[in-house]
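Participant: Sequence first, then the predicted structure, then my questions.
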Amino acid sequence: MKFNRLARRQRSIQTNPAARRGSSQNINSARLRLSDRPLEAVCRAILPVESPMGDVRANTEALKRYLTYQPSYIDMAVRSGAVAMNLASRALIGRSLYDATAEERERVIALFTKTTVGSNAMEGLKALVLLASGAEMATDEILETSRNATIERPDAKLDVTPSISWSSGRRFDAIVVGSGAGGAMAAMELAEAGLNVAIIEEGRRWTVEEFRTIHPLDRFAGLYRDGGSTAALGQPPVVLPIGRAVGGTTVVNSGTCYKTPKDVLLHWRDDAGLGLADPDDFISLLDRVWEIVKVGPVPLNVMGKNGKTAIKGAGKLNWSTGPLDRNAPGCGGTCQCAIGCPKNAKYGVHLNALPAACASGARIISEARVSKLLIEGGEVIGVEATRTDGSIFNVLAPRVVIAAGTTETPLLLRRSGLGSHPMVGKNMAIHPAIGVAGRFEEPVTAWHGVLQSAYVDQLHEEHGILMEATATPPGMGSMILPGFGRRLVAEIENADHLATLGGMVADLSVGRVMGRNRATLIYNLSKRDGKRLMEAVRGSAKVMFSAGATEVLTGIPGQPPVHNDQELDDVISRSDPRTLHIAAFHPVGTVAAGSDPERFPVEPSGALRGVRGAWVADGSLMPTCPGVNPQITIMALALAVAGNIIKEQK
Ligand SMILES: Cc1cc2nc3c(=O)[nH]c(=O)nc-3n(C[C@H](O)[C@H](O)[C@H](O)COP(=O)(O)OP(=O)(O)OC[C@H]3O[C@@H](n4cnc5c(N)ncnc54)[C@H](O)[C@@H]3O)c2cc1C
């Protein structure tokens, strides 16, 4: 994407309402109100008005539109941050940011970002402005790619009833809360064993037609909890997006598949006493899942240059590398996994386990948030759920499988009076990730190809560091780009020359989930994991240099690009891991299973301790970080738990 294309897109958004395809109805008119002036000033500072990307009105409107999807506290935080910046500007240069020249704005930002709080606030604002403007500017390209891609398979046959049309009091043999990786597999297994199953899902059903036509920002904001703004608080704060849809996070995940490493399974069996993780039994479940979700290696002809660059760099270092395994048969490399696959190629559970469950009679109730489990005399008798209009209904069953995901399951237990075990909500590992970018003389155009495509696992066994070549949908990946104002614009202009590589670390379980209705996530990076993340930066940068990068953006805030190993070592040695930009996509462990009742809220079978008829079958079950992308492990664990429910029933 080049300046003139972006500028054209912005002009077209302003003058042609049709260009806002799929925009939500609650967008105000393009006229900015006075109260939007601080936001406008921030947009001017981040994407300067003097540059071709600096259409302040369009950028501010995009930001405002994205904010309509956010919980009110985020909207307030962004607006207050913008006001604070403007006040700082008056104090520092004697006039508002809005009236300042480009140089003055950059000076204000430089001063503002000297403190950790100011720097975090500015980075947060930058992330939102870039996501909103980037998605807006790349809309034409994304939608054109979607339209030109052939549909690999039609939408699956699902028996879905939106909660608004569902009446209260119906009875089932089992209820599954959540239709993601764990919930869908558990529901399939139970339904195929002859149980009458209801799956209750907070998100809605999305269709492939919507993934081909809806504005990328609306897809992004609609497919994730809280519009995609979930984060863990701590040092440093961690961006931690979570899916919410029929199919759960598998609808937006990157499709990368790993079987649980054997040493992890042995650790779970021997340390946690999690008998079902015994490799002798568990490996056959992993194999079964592998078949169900049709896993295969990324074909080189669709991989794209981003993955090939990583493979080339690692290969020259003699490091272990290759195409990733993915559940995306027929993937065309549209690089849109994170906002819903426009080909239905990525084979999330909405396309396999859920239709299999429905074929065996399961019913899905969508857009219904389970507020609590109903319990009588120490036994589960069903659930209470809330419809989108706020009305409440009951669904009755003698067993409930909780698969609301690692961040929501502890909240549901607390709301149900089942959260008193001291470890509920604790023990959260997130598999934290950093990203680096290598600049190449030739264009890489990382978003032309598979979003997550190649692995480098040289440092995995010894250090728990797994590198994966990961791009983002066009326009939506500018977070790695350093700076603000004119420098940032220059980086965006040349973003097609960057290859991006992410590094994840198998972390200690130091996070927790607080709250009953809204999750507050707390995660403070341990010293050991901070060091490992720095090693992930070093390893990823080495791969980029080895592939021929002329410079590497380390992603470490405030540090210049590096041009060789010496500069890389210098930057790493003077940087504090607690300033890193970290994202995480794999939270696990908050209601873990194991044999010791003091340590584990869930029995090794998957049954929740302290009540009869409640089971857990999602990421929260895992005793520790699995060290690899977790979806296959979660699916296999869910099959194991469902198998135990069936055995108990007999
Ligand atoms: C952007 C992204 C990329 C990823 N890429 C990969 C990858 O490539 N490979 C990989 O292995 N993993 C990946 N993951 C992680 C993986 O998708 C998740 O670990 C996995 O889907 C979690 O499964 P789960 O069953 O625990 O929860 P989820 O799949 O999140 O499902 C939970 C469901 O429960 C619903 N729910 C929550 N609360 C309630 C309630 N009270 N009532 C009703 N419903 C409720 C939610 O809406 C959600 O749909 C990625 C994650 C993200 C965010």
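Facilitator: All right, it came through fine. Residues are numbered from 1 along each chain as shown.

Participant: Only C-alpha atoms from now on, for both contacts and neighbour counts.
Facilitator: Fine.

Participant: Can you name every helix or strand that the longest helix seen in the chain contacts?
Facilitator: Ranked by residue count and defined by DSSP state H, the top helix of the chain is helix 116-148. The contact analysis (3 or more C-alpha pairs under 8 Å, 6 or more residues apart in numbering; DSSP states H and E) places helix 116-148 against helix 3-15, helix 37-46, helix 56-67, helix 72-93, helix 102-112, helix 208-213, helix 216-223.

Participant: Let me have those helices in a markdown table, extended by distance to the ligand and mean pLDDT.
Facilitator: Compiled in a markdown table, the helices and strands packed on helix 116-148 are given as follows (distance: least, C-alpha to the nearest ligand atom, whole Å; pLDDT from 0 to 100):
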| stretch | distance to the ligand | mean pLDDT |
| --- | --- | --- |
| helix 3-15 | 25 | 39 |
| helix 37-46 | 25 | 90 |
| helix 56-67 | 18 | 91 |
| helix 72-93 | 19 | 90 |
| helix 102-112 | 30 | 89 |
| helix 208-213 | 16 | 97 |
| helix 216-223 | 9 | 95 |
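
Participant: So for stretch 529-538, what gets flagged as buried?
Facilitator: Buried residues in stretch 529-538, counting neighbours by 16 or more other C-alpha atoms under 10 Å, are found at 529-538.

Participant: then that stretch to CSV, C-alphas only?
Facilitator: Taking Å, rounded to 0.1, in the frame of the first residue of the first chain, the C-alpha atoms of stretch 529-538 are listed here in CSV:
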residue,chain,number,x,y,z
ASP,A,529,10.2,-15.1,31.1
GLY,A,530,11.3,-11.5,30.5
LYS,A,531,14.8,-12.8,29.7
ARG,A,532,13.4,-15.4,27.4
LEU,A,533,11.4,-12.9,25.5
MET,A,534,14.5,-10.9,25.0
GLU,A,535,16.1,-14.1,23.7
ALA,A,536,13.1,-14.4,21.4
VAL,A,537,13.8,-10.9,20.1
ARG,A,538,17.5,-11.8,19.5
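
Participant: which residues touch that stretch?
Facilitator: Contacts with stretch 529-538, where a contact means C-alpha atoms under 8 Å, 6 or more residues apart in numbering, come from 432-436, 463, 465-467, 503-508, 554, 568-569, 572, 577-578.

Participant: Over to stretch 582-591?
Facilitator: Residues outside stretch 582-591 that contact it (C-alpha under 8 Å, 6+ apart): 236-242, 406-407, 409-410, 423-434, 509, 512-513, 600-602, 619-625, 629-630.

Participant: out of the contacts of stretch 529-538, which are buried?
Facilitator: Neighbour-count burial (16+ other C-alpha under 10 Å) is assigned, among the contacts of stretch 529-538, to 432-436, 465-467, 503-508, 554, 568, 572, 577-578.

Participant: Next, count neighbours for residue 488.
Facilitator: Close neighbours of residue 488, defined as other C-alpha atoms under 10 Å, add up to 16.

Participant: So it belongs to a helix, correct?
Facilitator: Yes - Residue 488 forms part of a helix when assessed by DSSP: H, G, I helix; E, B strand; the rest coil.

Participant: Helix or strand for the closest residue in space to residue 279 that isn't next to it in sequence, just tell me which one.
Facilitator: Nearest residue to residue 279, sequence neighbours excluded (C-alpha to C-alpha, 6 or more residues apart in numbering): residue 265, at 6.2 Å. Assessed by DSSP states H and E, residue 265 sits inside helix 262-270.

Participant: If you count neighbours, what's buried in that helix?
Facilitator: Going by neighbour count (16+ other C-alpha under 10 Å), the buried part of helix 262-270 is 264-269.

Participant: Show me what from the stretch 151-300 of the chain comes close to the ligand.
Facilitator: For the stretch 151-300 of the chain, the residues in contact with the ligand (C-alpha under 6 Å from any ligand atom) are 177-183, 200-203, 241-250, 252-257.

Participant: give me that answer again for 8 Å
Facilitator: Along the stretch 151-300 of the chain, the residues adjacent to the ligand under the rule C-alpha under 8 Å from any ligand atom are 177-184, 200-203, 224-225, 240-258.

Participant: So which of these sit within helices?
Facilitator: The members of those that map onto helices under DSSP H are 181-184.

Participant: continuing past the helix holding residue 265, what's the next helix or strand?
Facilitator: helix 279-292.

Participant: And that next one, how far out from the chain middle?
Facilitator: Chain-centre distance of helix 279-292: 25 Å, with C-alpha atoms, centre = their mean, to the nearest Å.

Participant: After that helix, which helix or strand is next?
Facilitator: Following helix 279-292 in sequence order, the next helix or strand is strand 296-297 (DSSP H and E).

Participant: if you average pLDDT over that following strand, what comes out?
Facilitator: Strand 296-297 shows a mean pLDDT of 98.

Participant: Check which residues of the next helix or strand along the chain from that strand are buried.
Facilitator: Under the assignment DSSP H and E, the closest C-terminal helix or strand after strand 296-297 is helix 300-303. Of the residues in helix 300-303, 300, 302-303 count as buried by neighbour count, 16+ other C-alpha under 10 Å.

Participant: and what of stretch 505-525?
Facilitator: In stretch 505-525, counting by 16+ other C-alpha under 10 Å, buried: 505-509, 511-516, 519-525.

Participant: OK, contacts around the residue nearest to the spatial centre of the chain?
Facilitator: Central residue of the chain (C-alpha atoms, centre = their mean): residue 241, 3.6 Å from the mean position. Contact analysis of residue 241 by C-alpha under 8 Å, 6+ apart lists 224-225, 228-231, 584-585.

Participant: if I look at it, how far off is residue 405?
Facilitator: Separation of residue 241 from residue 405 (C-alpha to C-alpha, to the nearest Å): 12 Å.

Participant: repeat for residue 634
Facilitator: 10 Å.

Participant: Now stretch 205-219: buried residues?
Facilitator: Buried residues in stretch 205-219, counted by 16+ other C-alpha under 10 Å: 205-206, 208-209, 211-219.
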